[in-house]
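A.B. asks: can you look at this prediction? I've put the sequence above it.
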Amino acid sequence: MLYSLLHFLLATFFSVVFRWKVTGTENIPATGGVIIAANHVSLWDPPVVGTAIPRRIHFMAKEELFVNPIFRWLITKLGAFPVRRGKADRTAIRTALTLLENGSVLGIFPEGTRSKTGKLGVPEPGLAMLALKAGVPIVPAAVTGTNKVFRDGHLLPKFKVSFGKPLVLRRSTDGNDSLEAMSNTVMTEIAQLLEKETNSYNKIS
């Protein structure tokens, strides 16, 4: 009930205030476990990506967000769960795998933190590890405009979210492919989506 209500309110808010445009939602499987992997440039990104998809999403979020009891209650109700960054958080990994194996949508920002420059950073290898272990596809996603609110001469910039084709990662027969290399494959897809969105953004801004 709370999730559905906020999903509706935020979709209306983003549409009216930020004239948002969402493309590629047909690439998100209607059922079954799937990982949504997006670039991360702003605090707006989790609600923007979460509202853009037609299914309920569970975000893996940094544990610092769960310190405030009121905010912890809210984001837990909305399906988020904590992860300790910079180390192998076995509890977070088990939670993520359970969600995926139960057919849920998992939201991840592969870089592990926000990019202050807007450029893509290096992904954490955990992205590929989760996809391989759960046997689920990864849908790359690109978000633009969210880091320009009240910045760079923009007041209420246009938000855009684009979802790419699902990627199914597989180990090669020789076993020479690394988790890092497979995670980078996903980042390449995100980069290509960003390039398309940025070119389009510059034309309409």
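C.D. replies: The structure has been received and is ready for your questions.

A.B. asks: what helix or strand is H58 on?
C.D. replies: Per DSSP states H and E: H58 is located in strand 57-62.

A.B. asks: same for that strand, what does it pack against?
C.D. replies: Secondary-structure packing of strand 57-62 (3 or more C-beta pairs under 8 Å, 6 or more residues apart in numbering; DSSP states H and E): helix 45-52, strand 81-83, helix 90-101, strand 105-108. In this view, the C-beta of every residue, glycine as well, is placed from N, C-alpha and C.

A.B. asks: in it, what's buried?
C.D. replies: For strand 57-62, burial by neighbour count (16 or more other C-beta atoms under 10 Å) applies to 57-61.

A.B. asks: what's the mean pLDDT across it?
C.D. replies: Averaging pLDDT along strand 57-62 gives 94.

A.B. asks: with only the CA atoms kept, save that strand in PDB.
C.D. replies: This file holds the C-alpha atoms of strand 57-62, laid out as PDB (Å, rounded to 0.1, in the frame of the first residue of the first chain):
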ATOM      1  CA  ILE A  57      12.300  -2.900  -6.600                       C
ATOM      2  CA  HIS A  58      14.600  -3.700  -3.600                       C
ATOM      3  CA  PHE A  59      17.600  -1.500  -3.300                       C
ATOM      4  CA  MET A  60      20.900  -2.500  -1.800                       C
ATOM      5  CA  ALA A  61      21.700   0.700   0.100                       C
ATOM      6  CA  LYS A  62      24.700   1.800   2.200                       C
END
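
A.B. asks: so which of the buried residues of strand 57-62 would you say is closest to V168?
C.D. replies: Nearest to V168 among those is I57, at 19.5 Å by C-beta to C-beta.

A.B. asks: hang on, the closest one packs against V105?
C.D. replies: Yes: at 4.5 Å, I57 and V105 qualify as touching, with contact defined as C-beta atoms under 8 Å.

A.B. asks: which residue is nearest the middle of the protein?
C.D. replies: When C-alpha atoms, centre = their mean is applied to the chain, the residue found nearest the centroid is A38 (3.7 Å).

A.B. asks: so in the protein, which helix runs the longest?
C.D. replies: For the chain, the longest helix by residue count, based on DSSP state H, is helix 179-204.

A.B. asks: just how off-centre is it within its chain?
C.D. replies: 13 Å (C-alpha atoms, centre = their mean, to the nearest Å).

A.B. asks: that helix packs against which elements?
C.D. replies: Counting contacts by 3+ C-beta pairs under 8 Å, 6+ apart, helix 179-204 is packed against strand 34-38, helix 126-134, strand 138-144, strand 160-163.

A.B. asks: go again with 10 Å.
C.D. replies: strand 21-23, strand 34-38, helix 126-134, strand 138-144, strand 160-163 (3 or more C-beta pairs under 10 Å, 6 or more residues apart in numbering; DSSP states H and E).

A.B. asks: in the longest one, which residues are buried?
C.D. replies: Translated: helix 126-134. Residues 126-131, 134 are the ones in helix 126-134 that count as buried (16+ other C-beta under 10 Å).
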